[in-house]
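[1] would you be able to build a 3D model of this:
(one chain, ligands or ions: 1)
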Amino acid sequence: MAQQLALLPAVDVRDGQAVRLVHGESGTETSYGSPLEAALAWQSAGAEWLHLVDLDAAFGTGDNRALVAEVTAAMDIRVELSGGIRDDDTLAAALATGCTRVNLGTAALETPEWVAEVIAEHGDRIAVGLDVRGTTLRGRGWTRDGGDLYETLARLDAEGCARYVVTDIAKDGTLKGPNLDLLRGVCAATDRPVVASGGVATLDDLRALSTLVPEGVEGAIVGKALYAKAFTLEEALDVVRQA
Ligand SMILES: O=C(O)c1ccccc1N[C@@H]1O[C@H](COP(=O)(O)O)[C@@H](O)[C@H]1O
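    Numbering: from 1, shown residues only. Down below sits the predicted model:
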């Protein structure tokens, strides 16, 4: 049986609150209350993964490290943790939460030697978040250009990176549908699994992403659509099971 698309409901934390942003831009936050309550709700609804982001750490406006650790500790499901993991201290703190894996964004663009080392040391506990506008990577809260997507992907592949979380910034938080062409392009360029992020708006989007599983898309992060109640997580899980 073909593998089914994994769903990763997102909890992005800013200033202690679960929020959604539009295009990842600071100042566009819609607040959805307690991150712990949101995470527990997704777990109760059947999620097998949680995508947990410390947005303050990503933007450099502080951090929610204690809260993120509390949420991770409360989960029985697997947690993918990201935001502000850029050096030995922040990586150690992130891994010590018991999360299943971390996503490195800015570090993969600015300190490639360190990223190569931690990939070698931690294997598939390290994923790299490839956050792109067009084919240009963005770091530091998506405010700075960080090089070419495909050149960076080739480098990370050579270093043994286990998987990529690919976000189309132009789609993120917009409910405009995922960028399937971008995902196809990344899957064609690497044999590593890809988690899709950005734009999921409808159950048909999840069906479309499921068609890319044979090409290498193993999962999809779902954020705004769940918070906006475009569909429920239970409905989404049914769709990917049946795809
Ligand atoms: O998820 C977001 O909306 C987001 C918006 C702006 C910046 C980062 C965002 N999320 C994730 O954070 C990490 C990158 O953090 P860092 O660069 O390693 O500090 C990455 O997984 C983004 O997808």
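[2] what's the host helix or strand of V71 in contact with?
    Element membership of V71, judged by DSSP states H and E, is helix 65-74. Helix 65-74 has contacts (C-beta atoms under 8 Å, 6 or more residues apart in numbering) with 11, 13, 16, 35-36, 39-40, 50, 52, 54, 57, 79, 81, 93, 96-99. (C-beta placed from N, C-alpha, C; glycine too.)
[3] where does that helix sit relative to the chain's centre, distance-wise?
    When distances are taken as C-alpha atoms, centre = their mean, to the nearest Å, helix 65-74 is centred 17 Å away from the chain's centroid.
[4] then whichever helix or strand comes after that helix to PDB, C-alphas only?
    With elements assigned by DSSP H and E, the helix or strand that comes after helix 65-74 is strand 78-82. Extracted in PDB, the C-alpha atoms of strand 78-82 (Å, rounded to 0.1, in the frame of the first residue of the first chain):
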ATOM      1  CA  ARG A  78       5.700  13.400  17.600                       C
ATOM      2  CA  VAL A  79       6.800  17.000  17.600                       C
ATOM      3  CA  GLU A  80       8.700  18.900  14.900                       C
ATOM      4  CA  LEU A  81      10.200  22.000  16.500                       C
ATOM      5  CA  SER A  82      11.500  25.100  14.800                       C
END
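[5] hmm, back to that, mark which of the contacts of helix 65-74 are buried, thanks.
    11, 13, 35-36, 39-40, 50, 52, 54, 57, 79, 81, 93, 97, 99 (16 or more other C-beta atoms under 10 Å).
[6] ok, those residues vs the ligand, which is closest?
    A57 (6.0 Å; C-beta to the nearest ligand atom).
[7] near the ligand, which residues of this structure?
    Residues of the chain found near the ligand (C-beta under 6 Å from any ligand atom) are 12, 21, 24, 53, 55, 57-58, 82-86, 103-107, 129, 131, 139, 141-142, 165, 167, 172.
[8] at 8 Å instead, please
    10, 12, 20-21, 24-26, 53-55, 57-59, 82-86, 103-109, 129, 131, 139-142, 165, 167, 169, 172-173, 197, 223 (C-beta under 8 Å from any ligand atom).
[9] out of those residues, which end up buried?
    10, 12, 20-21, 24, 53-55, 57-59, 82-86, 103-109, 129, 131, 139-142, 165, 167, 169, 172-173, 197, 223.
[10] in helices, which of those fall?
    Per DSSP state H, helices hold the following members of those: L55, A57, A58, F59, T106, A107, A108, L109.
[11] got JSON lines for those, with distance to G146 and pLDDT too?
    Putting those into JSON lines (distance: C-beta to C-beta, whole Å; pLDDT from 0 to 100) gives the following:
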{"residue": "L55", "distance to G146": "18", "pLDDT": "97"}
{"residue": "A57", "distance to G146": "17", "pLDDT": "98"}
{"residue": "A58", "distance to G146": "13", "pLDDT": "97"}
{"residue": "F59", "distance to G146": "15", "pLDDT": "97"}
{"residue": "T106", "distance to G146": "7", "pLDDT": "97"}
{"residue": "A107", "distance to G146": "10", "pLDDT": "98"}
{"residue": "A108", "distance to G146": "8", "pLDDT": "97"}
{"residue": "L109", "distance to G146": "3", "pLDDT": "97"}
